[in-house]
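1. This is the structure alone, sequence omitted:
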């Protein structure tokens, strides 16, 4: 059997076995459900939209203020409805929840602390109403009064160009970093767990009687990588479809390009981390000891995930540029920068080459550790002993 045939056979076996497991179906369903809920729930619950308030007016003198607040509520991302109350009905309207606040000549009254948007809108309206009265008493014409109360808005300019889609890109970048972190740590652990299962059940001894250790490792990594890519593609397609249906995002060329680059970076990151997880799994004989040897790798991924938050805040900063060329952090931070439009083509190609080069150097080293440790049972194998065993084996 040739090496290519052996790798293909093992990869097909890994894909077939994992797809049949309930855990794979459950993890896929949970991931899709989380993405869909995050995309749909904010709009369904009215989060992030225009806040609506009802202002009760307790006396005629306060009615112009409430009406002015209703007209200018859009400036505060709010909508205000004015409700005139009969004398003495203010406490009842507040207690029943018919109104959010009661406005009178004595001020604003509410059951609990009122929303800042509502208070600010009423305060601005009150100043405008009082200014209108003062201008009217001064004898100015209605046209002059309107000109004094509504001067032309200040023109806003920026040195750097402003991207109107920045918030949308930021949301996409955050989800890209979060999903890639979950996929890399999840499938890395799958690789390590599969190695330990074969080692504990002695199946690996049967397999290595027919194929070489490096072919077994390569087939396992390739098979789970294909499965992870398929799952990520499914999550991306359904997640983007749900977000589009909910009005949370508009799919255009930039979004599609960012999604494709996230898939590419999953493969690159998986190529870097999978062999390390496999080598770590080969060092221990039982599932119970797996966490102890994979903890350093999970910590590196966790730190990379936290670093991505700082990169999201400042995608053009020094930290963003540096971490884009560190193989451990690039698979999580670089897709976020691409989604934000902060990474140039030269940076993308350079980061890919650096990370792929590091993976190419790392895979043979991890394969050697795997070969030296996978057949040793009974107790955990030290890294030094696994390296020596591979050299003398």
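-> That came through, no problem. Computed from a prediction, not measured in an experiment: that's the story for all the values here.
2. all contacts plus neighbour counts: C-alpha atoms, from now on.
-> OK.
3. Got phi/psi on residue 30?
-> Per-residue torsions, residue 30: phi -70, psi -40 (degrees, to the nearest 10).
4. so how far is residue 243 from it?
-> Distance, residue 30 to residue 243, by CA to CA, to the nearest Å: 17 Å.
5. With neighbour numbers in mind, choose between the two.
-> Higher neighbour count among residue 30 and residue 243: residue 243, with 19 against 12, using other CA atoms under 10 Å.
6. any idea how far the strand or helix carrying the more buried one is from the chain center?
-> Secondary structure assigned from DSSP states H and E places residue 243 in helix 213-245. A distance of 18 Å separates the centroid of the chain from that of helix 213-245, by CA atoms, centre = their mean, to the nearest Å.
7. For that helix, buried residues please.
-> With burial defined by 16 or more other CA atoms under 10 Å, the residues of helix 213-245 counted as buried are 213-229, 231-233, 235-236, 239-243.
8. Just list what it packs against, helices and strands only.
-> helix 3-20, helix 22-44, helix 166-200, helix 253-282, helix 345-373 (3 or more CA pairs under 8 Å, 6 or more residues apart in numbering; DSSP states H and E).
9. Checking the residue of the chain positioned farthest from its centre next. Helix, strand or coil?
-> For the chain, the largest distance from the centre (CA atoms, centre = their mean) belongs to residue 139, which lies 59.0 Å off. The three-state assignment at residue 139 reads coil, by DSSP: H, G, I helix; E, B strand; the rest coil.
10. What spatial separation is found between it and residue 356?
-> Counting by CA to CA, the gap from residue 139 to residue 356 is 77 Å.
11. again, but for residue 336
-> As judged by CA to CA, residue 336 and residue 356 stand 18 Å apart.
12. Tell me which of these two has more neighbours.
-> Counted by other CA under 10 Å, residue 336 and residue 356 do not tie: residue 336 has more neighbours, with 33 against 18.
13. Now that one: closest residue in space, sequence neighbours ignored.
-> Excluding its sequence neighbours, the residue lying closest to residue 336 (CA to CA, 6 or more residues apart in numbering) is residue 173, at 4.3 Å.
14. Go ahead and confirm that neighbour touches residue 334.
-> No - distance between residue 173 and residue 334: 9.6 Å, which falls outside the contact criterion (CA atoms under 8 Å).
15. The two - which one has more neighbours?
-> Between residue 173 and residue 334, residue 334 has the larger neighbour count (other CA under 10 Å), namely 32 against 29.
16. Can you give me the pLDDT of the more buried one?
-> Note for residue 334: predicted pLDDT of 92.
17. Distance of it relative to residue 347?
-> For residue 334, the distance to residue 347 - CA to CA - is 9 Å.
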